[in-house]
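Student: 3D, please:
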Amino acid sequence: MHVEIHFTPDAIVTPPEQLPSREIGASVDFRGIVREMEKGEALSGLFYEAYEPMARRVLERHFVELAALHHSAAVHFIHRTGWVPVGEASLFLRVQSAHRGQALAFLSEAIDRLKQDVPIWKRVQ
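Tutor: Numbers count the residues shown, from 1 in each chain. Okay, the predicted model is just below:
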């Protein structure tokens, strides 16, 4: 499995699509966009922090486990750090698999795991 993990303070630019194999039949992109309302409170953006060394280790472990479950070939993960205004992406995740069901299942479970135990925090400022 090919894994790329990036953290950046800059706006997320969608990376060019590169297929790691000719057996890829599905490439699914997800962007998590900062909403205007958080717990009923209007905001102008969110501030993200990450403990990057640990976040990388946890993400790599999750991605390897999910690849074994959902037979995915590649994952490209980008997460913003610092201030992210409303309407901009804080997260980009691309999953590539032979079939769409595998890619979609991987993607859904990866986001659930991210929120569960990856050391990335957001706060309202």
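Student: A helix includes Arg56, no?
Tutor: Yes: counting by DSSP: H, G, I helix; E, B strand; the rest coil, Arg56 is located in a helix.
Student: buried stuff in stretch 17-29?
Tutor: In terms of neighbour count (16 or more other Cβ atoms under 10 Å), stretch 17-29 has its buried residues at 24, 26-28. (C-beta placed from N, C-alpha, C; glycine too.)
Student: Columns pLDDT and distance to Val95 on top of those, output as TSV?
Tutor: Formatted as TSV, the buried residues of stretch 17-29 follow (pLDDT from 0 to 100; distance: Cβ to Cβ, whole Å):
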residue	pLDDT	distance to Val95
Ile24	95	10
Ala26	96	8
Ser27	96	7
Val28	97	5
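Student: Return the member of those nearest to Phe7.
Tutor: Lowest distance from Phe7 to the buried residues of stretch 17-29 (Cβ to Cβ) belongs to Val28, with 21.3 Å.
Student: Let me know the secondary structure of that closest one.
Tutor: At Val28 the chain is in strand, as set by three-state DSSP.
Student: now it, nearest residue through space, not along the chain?
Tutor: Ala103 (4.3 Å; Cβ to Cβ, 6 or more residues apart in numbering).
Student: on contacts alone, who are the packing partners of the helix or strand encompassing that neighbour?
Tutor: Take DSSP states H and E as the rule and Ala103 turns out to sit in helix 100-117. Packing contacts for helix 100-117, counted by 3 or more Cβ pairs under 8 Å, 6 or more residues apart in numbering; DSSP states H and E, involve strand 26-33, helix 52-70, strand 72-80, strand 89-97.
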